[in-house]
Every structure is written in structure tokens, then in C-alpha cells.
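[1] Following is a predicted model, sequence given first.
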Amino acid sequence: MDYPQSFIQNIIQQFEYYKMLGDKTFGQVPDEKLFWQYNEASNSIATIVKHLWGNMLSRWTDFLTTDGEKEWRNRDDEFENDIATKDALLQKWDAGWKVFLDALRSLKEEDLEKVIYIRNQGHTVIEAINRQLAHYPYHIGQIVLIGKMCAPNWVSLSIPKGNSKSFNDDKFLKPKQKTHFTDEFLNRPKDQPT
């Protein structure tokens, strides 16, 4: 089994899931509420999107050959929202994710242990990916929380409150489902190390 390729595929699926949470939140929030701030110390959804966009472009443009904190990035400016419309917000959101996911899809097994730099600090590619697996969902959680506060008729993005038992009952009525990774792992030759 090709463990590194399975890792890359799995990590892409994880990030696509978090992008989907943002997409579904944008679909429920009234346009004007995308720019709402709880107070001066907090960020609007639009500001968080602008920050994620700036981070993704900086970290993942030519990421194997240049420092992830690009000279052209102005991080402080990311927290001064100048996005005026939902369309502009979605353009930045999609542009950032495209750069990021294209970079992940370009990875080869031999890339995973290469050392790259973020602000002159060395990271293996796996460490850089894991760093973003903590960072991006953190901000997407903020987007979802603001969305819940602003959407007039919020539809849960996970198991709706009060439905855990029926959800679990339905899952346990079905046969066990194995992932692609699990099938390959369980069917490997016995002399192959785990």
C-alpha cells in the first residue's frame, strides 16, 4: 500500500470537508451579515475569509521553493476588511482554496519529508500541512459560530441537536464500512510492516 499517497488523499478530503462547512455557512447567512462584527475586537466572516485567503496565497504559492511568509503579504491588512460584496468574498474564498488544494494535489511521496520554511522556521511538508490543519479549521469554526448567530433559520451542518440517538441507530443498522485505507491495510501481505 502506498501510505504517503493515502495520507495526501486523506488530508485533501479533510480540508475539502472544512471548505464545505464554510460554503454551507455562506449559503445560510444573509449577505449583509457576512460583514457583521460582534464588537470592535472581533472579526466578521468577511475579515476571516480575507485572512484565510492571504494566508493560503502566502503559504502555498511556490511553497516548496520559497518561504511561506511572502514579502508581498501584508498580514495586518487582512484584518482591515475591504470586501464589499458576497461575490467578492466568495472570489477570495475560492481563490485561496484553489491555491492551497492545487498545492496539496501536486505533492509526491518524496515531497512529504522535504523541509520548507515559514518565517525562516523549518518545517517538513507534513508539519506544514498539520500546522494548517489546526489553523484553518480554527477559523472556519469561527465562521460557523458567527453564521449560527446571524442566520435566521440555521440548519445544522452536523448531527442536529437532539438527533444523536436516531443518527447513531441508523449507522449501527448498517454493516461496518471500511475506508479505502483500511481495506488496503487489512489486506496487506502478513510480512509487510505496519
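    All right, it came through fine.
[2] Report the mean confidence score over stretch 43-57.
    Across stretch 43-57, pLDDT averages out at 98.
[3] I meant to write stretch 68-87 there.
    Stretch 68-87 comes out at a mean pLDDT of 96.
[4] Other residues contacting it?
    26, 31, 34-35, 43-44, 46-47, 49-51, 53-55, 57-61, 89, 92, 116-119, 128 (CB atoms under 8 Å, 6 or more residues apart in numbering). For every residue, glycine as well, the C-beta is placed using N, CA and C.
[5] do stretch 13-23 as well
    Stretch 13-23 is contacted by residues 49, 93, 97, 100-101, 104, 132-133, 136-137, 140, 143-144, 157 when judged by CB under 8 Å, 6+ apart.
[6] which of these has the most neighbours?
    Within those, Val49 tops the neighbour count with 27 neighbours, counted by other CB atoms under 10 Å.
[7] Regarding it, what is its secondary structure?
    With DSSP: H, G, I helix; E, B strand; the rest coil as the basis, Val49 sits in helix.
[8] so what's it up against?
    Val49 sits in contact with Gly22, Ile83, Leu89, Lys92, Trp93, Ile143, where contact means CB under 8 Å, 6+ apart.
[9] For Leu89, see how far away the residue nearest the centre of the chain is.
    Centroid-nearest residue in the chain: Phe15, 3.9 Å away (criterion: CA atoms, centre = their mean). Per CB to CB, to the nearest Å, Phe15 is found 19 Å from Leu89.
[10] Over to Ser166?
    In terms of CB to CB, Ser166 sits 36 Å off from Leu89.
[11] on that earlier part again, mind telling me the two of the contacts of Val49 farthest from one another?
    Gly22 and Ile83 (14.3 Å; CB to CB).
[12] all strands of this structure, in order?
    For the chain, the strands defined by DSSP state E cover 115-118, 121-124.
[13] what helices or strands is the first one leaning on?
    What that stands for is strand 115-118. Secondary-structure packing of strand 115-118 (3 or more CB pairs under 8 Å, 6 or more residues apart in numbering; DSSP states H and E): strand 121-124, helix 125-150.
[14] Repeat that for the last one.
    With contacts taken as 3+ CB pairs under 8 Å, 6+ apart, strand 121-124 sits against strand 115-118.
[15] one more time with 10 Å, if that's ok
    Here strand 121-124 is seen to pack against strand 115-118, helix 125-150 when contacts are counted using 3 or more CB pairs under 10 Å, 6 or more residues apart in numbering; DSSP states H and E.
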